[in-house]
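Peer 1: with the input below, show me the fold.
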Amino acid sequence: MENDWYEFVEYGTNKPLPIFLQRNGFSHEAALYIRDHARTYVVDSGDKKYQIKNSLFLCGNISVVTEAEDIRINNPDLFVD
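Peer 2: I've put the predicted structure just below:
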């Protein structure tokens, strides 16, 4: 079991997907929403690397969509079809 207190304090979790999302600009709340709907919106590229499906922009959660639009401007490779 990994015991990285820095990540837990910084990100509020020790789960790799929410940490990855927050490192890429998503808020804690948006990261949890995406984590809860990971089967629909996340592609696991392996080794704790993920890509977000463009269908996230149609999820209906306005704050998540707004954040994703801003993040896509600076990190377009994070999103896939």
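
Peer 1: all strands for this protein, in order.
Peer 2: Assigned by DSSP state E, the chain shows strands spanning 42-46, 49-53, 79-80.

Peer 1: the first one vs strand 49-53, what angle?
Peer 2: For strand 42-46 and strand 49-53, the angle between their directions (axes from the mean of the first three to the mean of the last three CA atoms, to 10 degrees) works out to 160 degrees.

Peer 1: quick one: strands adjacent to strand 42-46?
Peer 2: Next to strand 42-46 in the sheet, as set by DSSP bridges, lie strand 49-53 (antiparallel).

Peer 1: buried residues, stretch 31-41. List them.
Peer 2: Neighbour counts over stretch 31-41 (16 or more other CB atoms under 10 Å) mark Ala31, Leu32, Tyr33, Ile34, Arg35, Ala38, Tyr41 as buried. Any C-beta I mention is one placed from the backbone N, CA and C, and that applies to glycine too.

Peer 1: got those as a markdown table, with distance to Phe79 and pLDDT columns?
Peer 2: Shown next, in a markdown table, are these (distance: CB to CB, whole Å; pLDDT from 0 to 100):
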| residue | distance to Phe79 | pLDDT |
| --- | --- | --- |
| Ala31 | 15 | 94 |
| Leu32 | 19 | 93 |
| Tyr33 | 16 | 97 |
| Ile34 | 12 | 96 |
| Arg35 | 17 | 94 |
| Ala38 | 15 | 95 |
| Tyr41 | 10 | 96 |
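
Peer 1: sketch out the low-pLDDT regions of the protein for me.
Peer 2: In the predicted model of the chain, residues 1-9, 11 satisfy pLDDT under 70.

Peer 1: just want the most central residue of it.
Peer 2: Residue closest to the mean C-alpha point of the chain, counted by CA atoms, centre = their mean, is Leu21 at 2.9 Å.
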